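Q: Provide a 3D model corresponding to the input given below.
(one chain, ligands or ions: 1)
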Amino acid sequence: MSNTLAINGGKPVFAENELNSLTPSWPIAYPETEQKLIELYRSGKWGCYSKHEKELMPAFAKFQDAEYSVWMCNGTTTLECALIALGIGPGDEVIVPGVTWIATAQAPLYVGATPVIVDIDPNTLCIDPVKIEEAITPRTKAIIPVHLFSSVADMDKINAIAKKHNLAVVEDCAHAHGAKQHGKGVGSLGDVGSFSFQLSKLMTAAEGGCCTTNNAKLADDIFRASHIGNSFLDPKVPLQEGLMCHQYRMTDFQSLIILDQLAHQEELRDRRERSAQIVRDVLKDIPSVKMQASSYADDTRAYYFVTFLLQPEFVKEGVSRADIYAAIRAEGLLIHEGWGCPLYKSPVWNIPGKMYIKKDTEVCEDVMYNRVMCCSNTTFLGTDDVAARVGECIAKVMRAYTK
Ligand SMILES: Cc1ncc(COP(=O)(O)O)c(C=O)c1O
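A: From the prediction side, this is the model:
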């Protein structure tokens, strides 16, 4: 393989659009689902809490090692309903990481609480447990760790802090379908897990969301908050007076699609993990780039975004992250900067300053502005050979740009 970078006229690792042809397009359409969708269409039983949703509720919960799953229209409403069910509201503070999608921090705002934004760990990119503890006040009621991009937050430490200070833990699992820590599924590790099934997510029905929990009362309260006060545990229970409840239901078409995807999840997750290991091996002797780290060696990772971290101290003087992006893209790998900024700098985070509290977030800014490089999960759904070549796109560029 030529060492001359494609950006300097060398032969690229992948020809134009070659990688796309070697990996599946997203979302994956499974033939077995098509006929079932037609049958459902003809049945007219399209609504929420129908046949497929009733099957999906225990099946997805089991997949994540939880007892219950409650389904909604997206993974923003799930965070909001989790907080409502936990009794969080005006005057309360909820600790969230500074690198996440805005939904994580908007959920506390929607219920009238104050999000408190803290820093992340520079290696896992998930919320830093030390920074959580520093941010706790008598008003703190909950923590929302995010299992970000491809890592699982350190739930041992987060749960220990929550127990010590009597706080609820809502895991934001929007990126982590099928991920585990110490062999237990995310979404079963805290009080509530919140999943998104939006189009780019690892499981998707174009839109959709669910909360997982091991607590029957919480599951029912979440259901009531999202299904205009109705109980799913006992339909005869009257509507709950005074509950701030919403109509956030999803349709049986979505349930059917997600239910069928479950059968493929372990295979897809294992494929991505295997590709990640191959890429990690290709990069292991290059000091200027690392892959996003796991909290624990036994974490099972889901790889929503496959994320690399530049180590600028090892990069040649005068080479910017933009130069590196351009060179990797020229090798045929589409790399991007994730959301491009910490959540509180996002153009859609137009919240007046007094409605949230931001702690020191130096690592969030360094990671988002100087270090992070992401690529899509489908990049890791090719063969071993494709994975080795993906690693080579990055290795070739970083070898050239390392001091
Ligand atoms: C970390 C995180 N949390 C929550 C959400 C919200 O999910 P949804 O788009 O389904 O509302 C997203 C969506 O991208 C996300 O990335």
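Q: what's residue 358 sitting at in phi/psi?
A: When read as degrees, to the nearest 10, the backbone of residue 358 gives phi -120, psi 120.
Q: quick check: bridge partners of it?
A: Per DSSP bridges, the residues bridged to residue 358 are residue 117.
Q: wait, it touches residue 114, no?
A: No: using C-beta atoms under 8 Å, residue 358 is not in contact with residue 114, being 10.9 Å away. C-beta: built from backbone N, CA, C; applies to glycine.
Q: by contact count, what packs against the helix or strand where residue 84 lies?
A: Here residue 84 sits within helix 77-85, counting by DSSP states H and E. Applying 3 or more C-beta pairs under 8 Å, 6 or more residues apart in numbering; DSSP states H and E, we find helix 77-85 packed against strand 68-72, helix 103-110, strand 168-172, strand 192-196, strand 209-213, helix 216-226.
Q: burial measure for residue 164, as a count.
A: For residue 164, the neighbour count with other C-beta atoms under 10 Å is 10.
Q: how about the nearest residue to the residue nearest the centre of the chain, chain neighbours excluded?
A: When C-alpha atoms, centre = their mean is applied to the chain, the residue found nearest the centroid is residue 175 (1.9 Å). Leaving aside its sequence neighbours, residue 175 sits nearest to residue 304 (C-beta to C-beta, 6 or more residues apart in numbering; 3.6 Å).
Q: report the contact partners of the one you found.
A: When contacts are counted by C-beta atoms under 8 Å, 6 or more residues apart in numbering, residue 304 touches 149-150, 174-176, 201-202, 377.
Q: what ranges do the helices span in the stretch 301-403 of the chain?
A: Counting by DSSP state H, counting those that start in this stretch, the stretch 301-403 of the chain has helices at residues 321-330, 362-366, 384-401.
Q: go on, the stretch 151-300 of the chain?
A: 155-165, 216-226, 252-283.
Q: re the thing from before, was I right to think the residue nearest to the centre of the chain contacts residue 146?
A: Yes: when contacts are counted by C-beta under 8 Å, residue 175 is listed as touching residue 146 (7.5 Å).
Q: per-residue confidence at residue 1?
A: The score at residue 1 is 60. That number is its pLDDT.
Q: before we move on, what about residue 377?
A: 94.
Q: wait, it touches residue 303, no?
A: Yes: taking C-beta under 8 Å as the definition, residue 377 is a contact partner of residue 303 at 5.4 Å.
Q: now do the shared contacts for these two.
A: Joint contacts of residue 377 and residue 303 (C-beta under 8 Å, 6+ apart) are residue 272.
Q: if you count what's nearby, which of these two comes out ahead?
A: Using other C-beta under 10 Å, the more surrounded residue of residue 377 and residue 303 is residue 303, with 28 against 25.
Q: list the buried residues in stretch 235-249.
A: 245-246, 248-249 (16 or more other C-beta atoms under 10 Å).
Q: just to revisit the earlier point, quick one, which of the helices of the stretch 301-403 of the chain is packed in tightest?
A: helix 384-401 (a mean of 21; mean count of other C-beta atoms under 10 Å).
Q: that older thread, okay if I get the helices of the stretch 151-300 of the chain as CSV plus distance to the ligand?
A: Below are the helices of the stretch 151-300 of the chain laid out as CSV (distance: least, C-beta to the nearest ligand atom, whole Å):
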stretch, distance to the ligand
helix 155-165, 16
helix 216-226, 13
helix 252-283, 12
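Q: among these, which is the most enclosed?
A: Ranked by mean neighbours (mean count of other C-beta under 10 Å), the helices of the stretch 151-300 of the chain are led by helix 216-226, with a mean of 22.
Q: and that one, how far out from the chain's middle?
A: Taking C-alpha atoms, centre = their mean, to the nearest Å, one finds helix 216-226 lying 23 Å from the centre of the chain it belongs to.
Q: and stretch 353-365, by the same measure?
A: Centroid displacement of stretch 353-365 relative to its chain, using C-alpha atoms, centre = their mean, is 21 Å.
Q: picking up where we left off before, relative to the ligand, which of the helices of the stretch 301-403 of the chain is closest?
A: For the helices of the stretch 301-403 of the chain, distance to the ligand was read as C-beta to the nearest ligand atom. The smallest value, 14.0 Å, belongs to helix 362-366.
Q: what's next to that closest one, contact-wise?
A: Residues contacting helix 362-366 (C-beta under 8 Å, 6+ apart): 97-99, 119-122, 128, 342.
Q: for it, give the mean pLDDT please.
A: Helix 362-366 shows a mean pLDDT of 98.
Q: mind putting the helices of the stretch 301-403 of the chain into TSV with distance to the ligand?
A: Formatted as TSV, the helices of the stretch 301-403 of the chain follow (distance: least, C-beta to the nearest ligand atom, whole Å):
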stretch	distance to the ligand
helix 321-330	21
helix 362-366	14
helix 384-401	23
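Q: including distance to residue 140, could the ones you listed go into JSON lines?
A: Compiled in JSON lines, those are given as follows (distance: least, C-beta to C-beta, whole Å):
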{"stretch": "helix 321-330", "distance to residue 140": "35"}
{"stretch": "helix 362-366", "distance to residue 140": "20"}
{"stretch": "helix 384-401", "distance to residue 140": "40"}
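Q: nearest to residue 284, of those helices?
A: Ranking the helices of the stretch 301-403 of the chain by distance to residue 284, with C-beta to C-beta as the measure, places helix 384-401 first at 9.6 Å.
Q: mind giving me the packing neighbours of the closest one?
A: Secondary-structure packing of helix 384-401 (3+ C-beta pairs under 8 Å, 6+ apart): helix 18-22, helix 252-283, helix 321-330.
Q: would a markdown table of the ones you listed with mean pLDDT be doable?
A: Shown next, in a markdown table, are the helices and strands packed on helix 384-401 (pLDDT from 0 to 100):
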| stretch | mean pLDDT |
| --- | --- |
| helix 18-22 | 96 |
| helix 252-283 | 97 |
| helix 321-330 | 96 |
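Q: okay if I get the ones you listed as JSON lines plus distance to residue 51?
A: Conversion of those to JSON lines gives the following (distance: least, C-beta to C-beta, whole Å):
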{"stretch": "helix 18-22", "distance to residue 51": "37"}
{"stretch": "helix 252-283", "distance to residue 51": "7"}
{"stretch": "helix 321-330", "distance to residue 51": "46"}
